[in-house]
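Colleague: Pasting the sequence and the predicted model now:
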Amino acid sequence: QVQPVESGGGLVQAGGSLSLSCTVSGRTFNTYAMGWFRQASGKEREFVAAISWSGDRTYYADSVKGRFTISRDNAKNTVYLQMNSLKPEDTAVYYCAADFSADRVRVGVGGYWGRGTHVTVSA
């Protein structure tokens, strides 16, 4: 059973930083590509970032490129999302996803999903 569990959300002022974590149960974490998505109130879920199973390839949405960094620690079954220079438009529920490849994760269908963690950026 693969179950991602997000943590680290909260309230931060614009320009500030926040770090999200996603820990995945199971012994096969290092075979899954991982991704982060977000969904703002009244909007569709959108891709934020993804990382290959080995960590050697990363992908970002244009809206977060240069501000967010995705990384993983396979020994800890954990993927991270470091968010810097946060903007009010980054406010959303952030979801962690696991899938068999980075291409599948980026599409955002199928795979395994966490329940999300709230991020609020105040102006």
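Modeller: Cool, the structure landed.
Colleague: Name the residues linked to the residue nearest in space to the middle of the chain by a beta bridge.
Modeller: What sits nearest the mean C-alpha location of the chain, by CA atoms, centre = their mean, is residue 36, with 2.4 Å. With DSSP bridges as the criterion, residue 36 is bridged to residue 49, residue 96.
Colleague: cool, residue 92 as well?
Modeller: With DSSP bridges as the rule, residue 92 is bridged to residue 119.
Colleague: Which pLDDT value goes with it?
Modeller: Model confidence at residue 92, given as pLDDT, is 98.
Colleague: Check residue 119 too.
Modeller: 98.
Colleague: lowest average confidence, helix or strand, in this structure?
Modeller: In the chain, no helix or strand scores lower on mean pLDDT, DSSP states H and E than helix 102-107, which sits at a mean of 91.
Colleague: counting contacts, what elements does that helix pack onto?
Modeller: Using 3 or more CB pairs under 8 Å, 6 or more residues apart in numbering; DSSP states H and E as the contact test, the elements touching helix 102-107 are strand 33-39, strand 46-51, strand 92-99. Every C-beta, even on glycine, is put in place using the N, C-alpha and C of the backbone.
Colleague: Recalculate using a threshold of 7 Å.
Modeller: strand 33-39, strand 46-51 (3 or more CB pairs under 7 Å, 6 or more residues apart in numbering; DSSP states H and E).
Colleague: tell me which residues in the longest one are buried?
Modeller: Read that as strand 33-39. Judged by neighbour count (16 or more other CB atoms under 10 Å), strand 33-39 contains these buried residues: 33-38.
Colleague: And for the last one?
Modeller: Of the residues in strand 46-51, 47-51 count as buried by neighbour count, 16+ other CB under 10 Å.
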